[in-house]
Every structure is written in structure tokens, then in C-alpha cells.
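Engineer: could you work out the structure for the sequence below:
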Amino acid sequence: MKEGQAHWWRERVTAVALIPLVLWFLVSIVALGRGGYSALIRWLSMPSSALMMVSLLVIVFYHAALGMQVIIEDYVHSANKGRVLIIVRIGCLTLAGAGIVAVTRIVLHK
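Structural biologist: Sure, this is the predicted structure:
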């Protein structure tokens with residue numbers, strides 16, 4: 001499989017994976033209702049919720065990096081294209097990592 005074709009498939013697979021994860025997240029937030037901060041922390045402290053949240057974070061930021069890579073490759077026409085791609089990848093990795101650290105701290109704070 002050529003790299004462009006593999007990239008296309010990765011984008012589609014992550015998009016499909018995001019559908020149930022985003023639906024789970026939205027239903028969960030609505031179900032929390034007006035429980036406030038403490039209800040949110042209790043919910044996120046549950047191992048199943050934490051695992052789903054980490055999965056959502058990883059897939060969202062991977063999907064975002066894939067999409068932004070295509071945009072940069074198609075529309076950035078300068079010598080800095082490689083640098084911009086690196087910055088995007090580092091940014092997505094940093095944001096995903098920060099989210100994972102936050103979830104981990106909530107789970108371990110019990």
C-alpha cells in the first residue's frame with residue numbers, strides 16, 4: 001500500500017472510531033446533568049470512563065494531526081512545510097499527552 005493510500009485509510013479508520021467515542025462522551029456529559037465538578041470527577045475516576053476518555057483523546061489528536069498534515073501538504077508552498085508539519089505533530093502529541101496526564105491524575109487522586 002502506498003503512503004498516500006495508507007494515510008487516507010488511517011483518516012477514515014480514526015473518523016469511524018471517533019463516532020462511538022464522541023457519542024459516548026456526549027451521552028455521558030448529558031447524563032451527568034447539573035452534578036457539577038464533583039460528579040464529573042467521580043465519573044472520570046471510574047476506570048471505564050478513564051479508559052474511554054484516554055481513547056477519545058488519543059484518537060482525536062491523531063485524527064487531527066492526520067487532517068492537518070493533508071492541509072499543510074496541499075496548501076503550504078514554502079521551505080517551511082517540514083517545520084510546520086513537525087510543529088503540528090508536536091502540538092497534537094503535547095495536547096494528547098496533557099489530556100492523558102490530567103485523566104491519570106484524576107484517577108489516581110482518589
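Engineer: alpha carbons only for contacts and neighbour counts from here, please
Structural biologist: Will do.
Engineer: would you mark the buried spots in the helix or strand hosting Ile72?
Structural biologist: Take DSSP states H and E as the rule and Ile72 turns out to sit in helix 47-75. For helix 47-75, the neighbour count (16 or more other C-alpha atoms under 10 Å) marks 49-66, 68-69 as buried.
Engineer: which residues touch stretch 5-20?
Structural biologist: By C-alpha atoms under 8 Å, 6 or more residues apart in numbering, the surrounding residues in contact with stretch 5-20 are Leu56, Ile59, Val60, Tyr62, His63, Leu66, Gly67.
Engineer: can you point out the buried residues in it?
Structural biologist: His7, Glu11, Thr14, Ala17, Leu18.
Engineer: tell me which of these fall in helices.
Structural biologist: Members of those lying in helices (criterion: DSSP state H): His7, Glu11, Thr14, Ala17, Leu18.
Engineer: gap between Ala17 and Trp24?
Structural biologist: 11 Å (C-alpha to C-alpha, to the nearest Å).
Engineer: could you do Arg105 as well?
Structural biologist: From Arg105 to Trp24 the distance is 22 Å (C-alpha to C-alpha).
Engineer: which of the two has more residues huddled nearby?
Structural biologist: Shown here are Arg105 and Trp24; by other C-alpha atoms under 10 Å, Trp24 has more neighbours (16 against 12).
Engineer: give me the element that one is part of.
Structural biologist: helix 3-32.
Engineer: residue nearest the middle of this structure, spatially speaking?
Structural biologist: Val60 (2.5 Å; C-alpha atoms, centre = their mean).
Engineer: spit out the contact partners of that residue.
Structural biologist: For Val60, counting by C-alpha under 8 Å, 6+ apart, the contacting residues are Thr14, Leu18.
Engineer: who touches the closest residue to Val58 other than its chain neighbours in this structure?
Structural biologist: Once flanking residues are discounted, Val58 sits nearest to Ala96: 5.9 Å by C-alpha to C-alpha, 6 or more residues apart in numbering. Residues in contact with Ala96 (C-alpha under 8 Å, 6+ apart) are Leu57, Val58, Phe61.
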